[in-house]
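Engineer: Please find the sequence and the predicted model below.
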Amino acid sequence: ERGREREREEEHMVDFQGQKFVETFALVAISSASFVGFALGYALQDYRCMRDIIFASILASCVVTLPNWPFLSRHPIEWREIDDEHPSRQQSAEEEEEEEE
């Protein structure tokens with residue numbers, strides 16, 4: 001059961017390239033909308049217009065970047081198997097021996 005649960009988690013894990021996209025997208029979207037919002041708000045002398053544009057860009061950025069969308073995990077990470085000599089493997093073997101006794 002735990003193995004299936006882990007597999008489901010790994011299916012929806014955002015990979016490193018997905019993280020890079022999320023970071024770049026959020027930076028570009030919020031920065032450019034802030035610039036446009038400030039310029040438009042200054043030209044129209046309307047603080048509410050500026051605030052609404054900036055908040056809308058933050059909201060749109062959150063909708064695109066916060067959920068684990070499938071396009072953010074196109075390059076799954078291939079994890080290595082733990083060697084028998086790894087300390088965690090040795091501990092689990094010792095625990096299994098204690099349970100058998």
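Structural biologist: The structure has been received and is ready for your questions. If you're wondering where the values come from, they're calculated on a predicted model, not measured in any experiment. Numbers count the residues shown, from 1 in each chain.

Engineer: Surely G18 and P76 touch.
Structural biologist: No: assessed by C-beta atoms under 8 Å, G18 is found out of contact with P76, at 10.0 Å. The C-beta positions use only the backbone N, C-alpha and C, and glycine is treated the same way.

Engineer: With neighbour numbers in mind, choose between those two.
Structural biologist: When G18 and P76 are compared for neighbours, G18 comes out ahead with 19 against 10, by other C-beta atoms under 10 Å.

Engineer: For that one, give its distance to V64.
Structural biologist: Going from G18 to V64 by C-beta to C-beta, to the nearest Å gives 11 Å.

Engineer: before we move on, what about G37?
Structural biologist: Using C-beta to C-beta, we find G37 at a distance of 18 Å from V64.

Engineer: Equivalent analysis for R80, please.
Structural biologist: 32 Å.

Engineer: The closest residue to I53 other than its chain neighbours sits in which helix or strand?
Structural biologist: Among residues not flanking I53 along the chain, G37 sits closest, at 3.4 Å (C-beta to C-beta, 6 or more residues apart in numbering). Secondary structure assigned from DSSP states H and E places G37 in helix 16-44.
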